[in-house]
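Participant: The sequence and its predicted three-dimensional model are supplied below.
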Amino acid sequence: MNALVLRLRGDAAELAELAQRLRGVAAALPDPPPWLSAALTDHVRRCERASGDLARAAQELHRHAETSFLH
């Protein structure tokens with residue numbers, strides 16, 4: 001498998017794990033100020049979005065590599 005595809009998949013997984021850790025931080029705070037809750041929520045969403053984008057990019061790159069090498 002292409003090294004770049006593996007890297008993209010790994011980075012996507014790391015971002016998904018980071019989103020989970022941030023959720024844990026948010027859940028562990030007893031009474032966070034609204035600005036902190038908003039910041040954590042925003043960062044979780046951004047990590048999830050980036051993770052999904054990288055996973056899709058890896059899938060597309062893998063698909064492209066397979067079809068390119070077949071022709």
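Facilitator: Good, I have the coordinates. All values reported here derive from a predicted model rather than from experimental measurement.
Participant: Tell me who's in contact with the residue nearest the centre of the chain.
Facilitator: Compute the mean C-alpha point of the chain, and by C-alpha atoms, centre = their mean the closest residue is S51, 1.9 Å away. Contact partners of S51, counting by C-beta atoms under 8 Å, 6 or more residues apart in numbering, are A12, A13, L15, A16, A19. Glycine gets a C-beta too; all of them are placed from N, C-alpha and C.
Participant: Check which helix or strand the first one maps to.
Facilitator: To tie it back to what came earlier, the one meant is A12. A12 is part of helix 3-28, with elements assigned from DSSP states H and E.
Participant: Could you list the buried residues of stretch 49-61?
Facilitator: Within stretch 49-61, the residues scored as buried using 16 or more other C-beta atoms under 10 Å are A50, S51, L54, A55, A57, A58.
Participant: Throw the residues you listed into CSV and include secondary structure, thanks.
Facilitator: Shown next, in CSV, are these (DSSP: H, G, I helix; E, B strand; the rest coil):
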residue, secondary structure
A50, helix
S51, helix
L54, helix
A55, helix
A57, helix
A58, helix
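Participant: pLDDT value on F69, please?
Facilitator: Looking at F69, its pLDDT reads 66.
Participant: picking that back up, going by distance to L4, which of the buried residues of stretch 49-61 wins?
Facilitator: Closest to L4 out of those is A58 (8.1 Å), distances taken as C-beta to C-beta.
Participant: Least confident secondary structure element in the protein?
Facilitator: Lowest by mean pLDDT, DSSP states H and E among the helices and strands of the chain is helix 34-70, with a mean of 93.
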